[in-house]
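1. Fold the following, please.
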Amino acid sequence: MQTMLKRWQSITRIAGLLLGLAAFVLAVYSIPLDEIWSVVRASFNRYFVLGVCFWMLSIVFQSWRWHVMLIWKRSVPFTGSLKLFVVHRLANLLLPLRAGEGVRILAARQQFEISIPFLMATSINERILNIAFLVAMAFGLTFVIADLKPFQIYLLIAALIFAAAAAGILWRRRSALAAAAPNPSDFLSIENRFLRFWYKFSQGLAILKSPRVLLGVLLTSFGSWCALWLATFFLLQNIHAASPSLGAWSVLLFTNLASLLPLTPSNIGPFQWGCILALSYFGVPRADAVGFSLVLQAVRILAASLLGVYCFAAESLFIHSKNNQSHLM
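-> Sure thing, here's the model as predicted:
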């Protein structure tokens, strides 16, 4: 069974890499490389530095959001959650198939002794919050650049009704399972194991139960998206988009939709097409869009790498000072 699972994972990785690289080749096909390189070379200026700084700030906000979610189960030092979140982001950027999700869950389980179902639920909470902000951006963009207001209103009402119904069903189911907590003496029962898993998993989903946790999660999410928008806005200054403010909005929407296909490291291929489609509404040529996508990917990797260096350097200094104190005593 394990051999078949490993073989299937290898096949999916290879297939994902091939599909992603094929998408990248199609994105740069028929574009002179010197045009792409000129865009990349011209982007290394003060706007690039600002983009990296604001992207680092967005990672800090996202780590803070996860830190607030973990408080629901256990108080975890912010530096520890930041380090694990940075490792998660680097793994997602450098490895295919969003491998960072599993890395962060396993590392948090080992370091902070938090149950895996609860950690999985926090990851799902992050996806739900991101999707909610993306939906808001999609409706806002279509209000501005398209004439679909009646259609949007009906679709928004249907989406809100569906979300409220799903939340109500989930909450009622969680309350029923919480009332019938699993019997600790019956660990070998398959049904009891499922109940234990669902009980811990539903605890992680229940951020609505605490107004303080919910407010912290919403504020950190909003801060993260604002920082991402500012980073993208500054980077767009180098390619002279028709409307950098709306263009940054569009880039965040399309690139996050492209990330739903986690095929290659840093999502190379789908990411380029996301930028091409997003910037096509604002009169940006395809060569400039591809060059911008490469610069944006460099900003993402550099921001996560710099935070990673900071986290591990701070941890090394802490351990070194602790050892010195122990020797003095």
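
2. Could you list the low-pLDDT ranges of the stretch 101-250 of the chain?
-> 143, 145-153, 155-157, 159-160, 163-164, 166-209 (pLDDT under 70).

3. what about 90?
-> Scanning the stretch 101-250 of the chain with the threshold set as pLDDT under 90 gives 101-103, 105-218, 240-243.

4. Return the residues in contact with residue 228.
-> By CB atoms under 8 Å, 6 or more residues apart in numbering, the contact list for residue 228 reads 54, 55, 58, 252. (Each C-beta comes from the backbone N, C-alpha and C, glycine too.)

5. Figure out how far the helix or strand harbouring it is from the centre of its chain.
-> Residue 228 belongs to helix 211-236 when assigned by DSSP states H and E. Centre-to-centre, helix 211-236 and its host chain are 12 Å apart (CA atoms, centre = their mean, to the nearest Å).

6. between the contacts of residue 228, which is closest to residue 299?
-> Taking CB to CB as the measure, residue 299 sits nearest to residue 55 out of the contacts of residue 228, at 5.4 Å.

7. State whether that closest one and residue 229 are indeed in contact, as I suppose.
-> No. Counting by CB atoms under 8 Å, residue 229 is not a contact partner of residue 55; they are 10.8 Å apart.

8. Looking at these two, which has the bigger crowd around it?
-> residue 55 (25 against 18; other CB atoms under 10 Å).

9. Would you mind measuring from that one to residue 315?
-> 22 Å (CB to CB, to the nearest Å).

10. Tell me the spacing between residue 105 and residue 121.
-> 10 Å.

11. actually residue 53, sorry about that
-> Using CB to CB, residue 53 is found at 32 Å from residue 121.

12. More neighbours: the two, which one.
-> The neighbour comparison of residue 53 against residue 121 (other CB under 10 Å) goes to residue 121, with 22 against 16.

13. Check which helix or strand the more buried one maps to.
-> helix 116-145.

14. Just the element for the closest residue to residue 301 other than its chain neighbours, please.
-> In this structure, residue 301 finds its nearest non-sequential neighbour in residue 93, 5.3 Å apart by CB to CB, 6 or more residues apart in numbering. Per DSSP H and E: residue 93 is located in helix 78-94.

15. now the angle between helix 116-145 and that helix, please.
-> Put simply, helix 78-94 runs at 70 degrees to helix 116-145, going by axes from the mean of the first three to the mean of the last three CA atoms, to 10 degrees.

16. buried stuff in helix 78-94?
-> Residues 80-93 are the ones in helix 78-94 that count as buried (16 or more other CB atoms under 10 Å).

17. how close does residue 242 get to residue 252?
-> In terms of CB to CB, residue 242 sits 17 Å off from residue 252.

18. Compare the two (neighbour count), which wins?
-> Neighbour comparison, residue 242 and residue 252: the larger count goes to residue 252, with 21 against 11 (by other CB under 10 Å).

19. any idea which element the more buried one lies in?
-> Assigned by DSSP H and E, residue 252 belongs to helix 244-258.

20. Identify each buried residue in that helix, please.
-> Neighbour counts over helix 244-258 (16+ other CB under 10 Å) mark 244, 246-256, 258 as buried.

21. Repeat that for stretch 214-234.
-> 216-218, 220-221, 223-225, 227-234.

22. Can you report how many residues lie near residue 236?
-> With neighbours defined by other CB under 10 Å, the count for residue 236 comes to 25.

23. gap between the spatially closest residue to residue 95 that is not a sequence neighbour and residue 315?
-> Counting by CB to CB, 6+ apart, residue 265 is the residue found nearest to residue 95 once chain neighbours are left out, at 5.9 Å. Computed with CB to CB, the distance linking residue 265 and residue 315 is 25 Å.

24. who has more neighbours, those two?
-> Using other CB under 10 Å, the more surrounded residue of residue 265 and residue 315 is residue 265, with 19 against 13.

25. Touching, the more buried one and residue 97? I think so.
-> No. When contacts are counted by CB under 8 Å, residue 265 is not listed as touching residue 97 (9.6 Å).

26. And the buried residues of helix 78-94, which is closest to residue 292?
-> Nearest to residue 292 among those is residue 93, at 17.4 Å by CB to CB.

27. Alright, calling it a day.
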